[in-house]
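In: coordinates only, sequence not included:
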């Protein structure tokens, strides 16, 4: 497991005669270097452009709100896709690096899904796809379900568990990163790799056959959309960006 040291930045304090203007935000914008490297914003921080409901042709009219550059899932009953419902990108993605900043409230459950086919499940519950689990492991009961912790934060939900020890702070923003290079996939949290796997292998097929996805044809073996999940708990997202490879 990689270890990344973060050093505190030094800052100078200077006296001013009047109240200074607010510092410009760096959220939901790309730096010049990111632009040169081919990064694009998946969410612009202001509108619903590029997104729609997973089971709708438009963006949900309830359950989600945009507030001061943050995309928020509103608190509801805690049911899976039971309020506004999941939202998905309007296009499919193949090879990519996806980064999403997220912040959860106590006891919250959500997720970032990929390889999502919105047409696979038009009934109750969430749209079907591979999931980077977002969860309060200490307080949400789903952490105790599944097999060997494969429903905890950072796990490939219901398939591959993330390590028990991982860099996470519920009181602040955290960054989920998903890397897809053909059949090779990785989950990273705050700069530390948690999960990696190869799709389409015998081992992959065995994992799926033992999971809740066993009855979904060709699960995880196709390109698809990216999804932010409504699980009825308040969760915040920002700086949703992607680099296609």
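Out: Received it, and whenever you're ready, just let me know what you need. These figures come from a predicted structure and were not determined experimentally. Residues are numbered from 1 along each chain as shown.
In: where does this protein dip in pLDDT?
Out: 1-25 (pLDDT under 70).
In: Quick one: distance of the longest helix belonging to the chain to the chain centre.
Out: As assigned by DSSP state H, the longest helix anywhere in the chain is helix 202-209. Its chain's C-alpha centre and that of helix 202-209 lie 23 Å apart, by CA atoms, centre = their mean, to the nearest Å.
In: who touches the very next helix or strand once past it?
Out: Downstream of helix 202-209, the first helix or strand assigned by DSSP states H and E is strand 225-228. Contacts to strand 225-228, defined as CB atoms under 8 Å, 6 or more residues apart in numbering, come from residues 42, 54, 71, 73, 86-93, 98, 100, 110-114, 116-118, 126-127, 129, 237, 240, 242. For glycine as for every other residue, the C-beta is placed from the backbone atoms N, C-alpha and C.
In: can you pull the buried residues of strand 225-228?
Out: 225-228 (16 or more other CB atoms under 10 Å).
In: for the chain, what spans make up the helices?
Out: Under DSSP H, the chain gives helices at 32-37, 202-209.
In: So for residue 171, which of those helices sits nearest?
Out: With CB to CB as the measure, helix 32-37 is the member of those nearest residue 171 (26.9 Å).
In: Can you spell out which helices and strands pack onto the closest one?
Out: Based on contacts counted as 3 or more CB pairs under 8 Å, 6 or more residues apart in numbering; DSSP states H and E, there is no element that helix 32-37 packs against.
In: May I see the buried residues of it?
Out: Quick answer for helix 32-37: no buried residues (16+ other CB under 10 Å).
In: ok, now stretch 158-166?
Out: 158-162, 166.
In: Turn the helices of the chain into TSV, including distance to residue 66.
Out: Shown next, in TSV, are the helices of the chain (distance: least, CB to CB, whole Å):
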stretch	distance to residue 66
helix 32-37	22
helix 202-209	35
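In: correct me, but residue 84 touches residue 230?
Out: Yes - here residue 84 reaches residue 230: they are 5.4 Å apart, a contact under CB atoms under 8 Å.
In: Now for the two: what residues contact both?
Out: With CB under 8 Å, 6+ apart, residue 84 and residue 230 have common neighbours 60, 63-64, 73.
In: what's the closest of those to residue 142?
Out: Using CB to CB, those come closest to residue 142 at residue 73, 15.9 Å.
In: Skip the chain neighbours and tell me the closest residue to the most centrally placed residue in the chain.
Out: For the chain, the residue nearest the mean C-alpha position is residue 112 (3.0 Å; CA atoms, centre = their mean). Using CB to CB, 6 or more residues apart in numbering and skipping residues adjacent in sequence, the residue nearest residue 112 is residue 132, 4.4 Å away.
In: Please apply the same query to residue 71.
Out: That would be residue 237: by CB to CB, 6+ apart, it lies 4.5 Å from residue 71.
In: bridging residues for the one you found?
Out: residue 71, residue 102 (DSSP bridges).
In: wouldn't it be in contact with residue 102 here?
Out: Yes - with contacts counted by CB under 8 Å, residue 237 reaches residue 102, the gap being 5.4 Å.
In: what residues are up against the residue nearest to residue 112?
Out: 111-114, 154-157, 176, 178, 187.
In: Which two among the buried residues of stretch 158-166 are spaced furthest apart?
Out: 158 and 166 (17.9 Å).
In: follow-up on the earlier one: okay, the contacts of residue 132 in TSV with distance to residue 219 next?
Out: Output for those, formatted as TSV (distance: CB to CB, whole Å):
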residue	distance to residue 219
111	15
112	17
113	12
114	12
154	20
155	16
156	12
157	12
176	21
178	17
187	17
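In: Kindly provide the distance from residue 208 to residue 61.
Out: 35 Å (CB to CB, to the nearest Å).
In: thinking again about what came up before, tell me, how many residues neighbour the residue nearest to residue 71?
Out: When neighbours are defined as other CB atoms under 10 Å, residue 237 has 23 of them.
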